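Asker: Build me a model:
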Amino acid sequence: MKIDENTLLQLCNAAITAGNRVLDFYDLDTEIIYKKDESPITKADLDSNKILLSSISKITPNVPILSEEEFIEWDTRKNWETYWLIDPLDGTKEFIKKNDEFTINIALIEYNQPVLGIIYAPAFGSLFFSKKNNGSYKIYTKNNLNTLKNSEKISVKYTNNEKIRVIGSRSHSNIAFDNWVKKKFTNFEIIEKGSSLKFCEIAEGKADIYPRFGPTSEWDIAAGHIILLESGGKLKSIDNKDLLYNTKEDILNPHFFAYADDALIKN
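Answerer: Numbers count the residues shown, from 1 in each chain. Predicted structure coming up:
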């Protein structure tokens, strides 16, 4: 599906609008509900979801949408070739903790691969976006945009003679992560970050590798996946396979490495 510059701008503004709605709840004592998997959800998640579903449906009325908060059963989506994959509030735990590290994620999937990604971090006013074969970009804004022309192109930066910058989850670290890092690298520093901002940190050259040994869902990583690829980075499963989307009934990802350079995962 062709996404022209005006359509991309509309999609970015949908993410910004949803993000600003999330901020309306940020300083409030928002009620927290827990799903069956014990993950939290708030009114901010639900309102952001409504905004994104409404906006994206108007922008591309014939393209189906799979959202964390509007799950579509496998029998319906198994034959989708093109669809939107969204996380209305990635990093709900960070939102609840009020550490600013939460995002709005929008990805376009074609033939099981992400081809467009938008990540908006409303507390920081940071908007990241990417289209396949067009690079990755960042712009600061708290308001809807009239143009994307003022965006800065971003790219990974890896220098193998310096300390390795390993980025991990602020709320989901585990022993497997710690053991792998200590075994793999002798000179490293750990950076903790919430939500899909971990992918953005690598994409703009602020981190080198993100090893993930805990559960994630497809909507958690799809936007970050294409932003990372278009910035020159890579994302592979721990057995060195490409990650694909909507190929099975469950939406869980395998454990993976997101990284700036192949040297970081070589034995």
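
Asker: can you give me the strands for the protein?
Answerer: 33-34, 40-41, 65-67, 82-90, 103-110, 113-121, 126-131, 136-140, 152-154, 164-169, 188-193, 209-212, 234-237, 256-259 (DSSP state E).

Asker: relative orientation of the fourth one and strand 103-110 in degrees?
Answerer: Angle of strand 82-90 versus strand 103-110, following axes from the mean of the first three to the mean of the last three C-alpha atoms, to 10 degrees, is 170 degrees.

Asker: count of neighbours near residue 83?
Answerer: 20 (other C-beta atoms under 10 Å). Just so you know, the C-beta spots here come from the backbone N, C-alpha and C atoms, and that holds for glycine as well.

Asker: Over to residue 142?
Answerer: The burial count for residue 142: 13, using other C-beta under 10 Å.

Asker: would JSON lines of the strands of the chain with mean pLDDT and distance to residue 182 be doable?
Answerer: Listed next are these as JSON lines, based on pLDDT from 0 to 100; distance: least, C-beta to C-beta, whole Å:
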{"stretch": "strand 33-34", "mean pLDDT": "88", "distance to residue 182": "33"}
{"stretch": "strand 40-41", "mean pLDDT": "92", "distance to residue 182": "31"}
{"stretch": "strand 65-67", "mean pLDDT": "98", "distance to residue 182": "37"}
{"stretch": "strand 82-90", "mean pLDDT": "98", "distance to residue 182": "28"}
{"stretch": "strand 103-110", "mean pLDDT": "98", "distance to residue 182": "29"}
{"stretch": "strand 113-121", "mean pLDDT": "98", "distance to residue 182": "30"}
{"stretch": "strand 126-131", "mean pLDDT": "98", "distance to residue 182": "30"}
{"stretch": "strand 136-140", "mean pLDDT": "98", "distance to residue 182": "31"}
{"stretch": "strand 152-154", "mean pLDDT": "98", "distance to residue 182": "30"}
{"stretch": "strand 164-169", "mean pLDDT": "96", "distance to residue 182": "10"}
{"stretch": "strand 188-193", "mean pLDDT": "95", "distance to residue 182": "8"}
{"stretch": "strand 209-212", "mean pLDDT": "97", "distance to residue 182": "11"}
{"stretch": "strand 234-237", "mean pLDDT": "98", "distance to residue 182": "21"}
{"stretch": "strand 256-259", "mean pLDDT": "98", "distance to residue 182": "16"}
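
Asker: closest to residue 53 out of the ones you listed?
Answerer: Counting by C-beta to C-beta, residue 53 lies closest to strand 65-67 out of the strands of the chain; the figure is 6.0 Å.

Asker: Could you list every helix and strand that the closest one packs against?
Answerer: Contact partners of strand 65-67 among helices and strands, from 3 or more C-beta pairs under 8 Å, 6 or more residues apart in numbering; DSSP states H and E: helix 43-59, strand 82-90.

Asker: Ramachandran angles for the residue nearest to residue 115 when sequence neighbours are not counted?
Answerer: Leaving aside its sequence neighbours, residue 115 sits nearest to residue 132 (C-beta to C-beta, 6 or more residues apart in numbering; 4.2 Å). Backbone dihedrals for residue 132, given as degrees, to the nearest 10, come out at phi -60, psi 130.

Asker: Mind pulling up the pLDDT for residue 132?
Answerer: Per-residue confidence (pLDDT) for residue 132: 98.

Asker: before we move on, what about residue 173?
Answerer: Value listed for residue 173 in the pLDDT field: 68.

Asker: got it, and the one 3 residues further on?
Answerer: Residue 176 carries a pLDDT score of 93 in this model.

Asker: what about residue 116, distance to residue 130?
Answerer: In this view, residue 116 and residue 130 are 7 Å apart by C-beta to C-beta, to the nearest Å.

Asker: next one: residue 225
Answerer: 10 Å.

Asker: intersection of neighbour lists for the two?
Answerer: residue 117 (C-beta atoms under 8 Å, 6 or more residues apart in numbering).

Asker: if we can go back for a sec, who's more crowded, residue 116 and residue 130?
Answerer: Of the pair residue 116 and residue 130, residue 130 is the one with more neighbours under other C-beta under 10 Å, namely 29 against 25.

Asker: my read: the more buried one touches residue 231, true?
Answerer: Yes: look at residue 130 against residue 231 with C-beta atoms under 8 Å: they come within range, at 7.4 Å.
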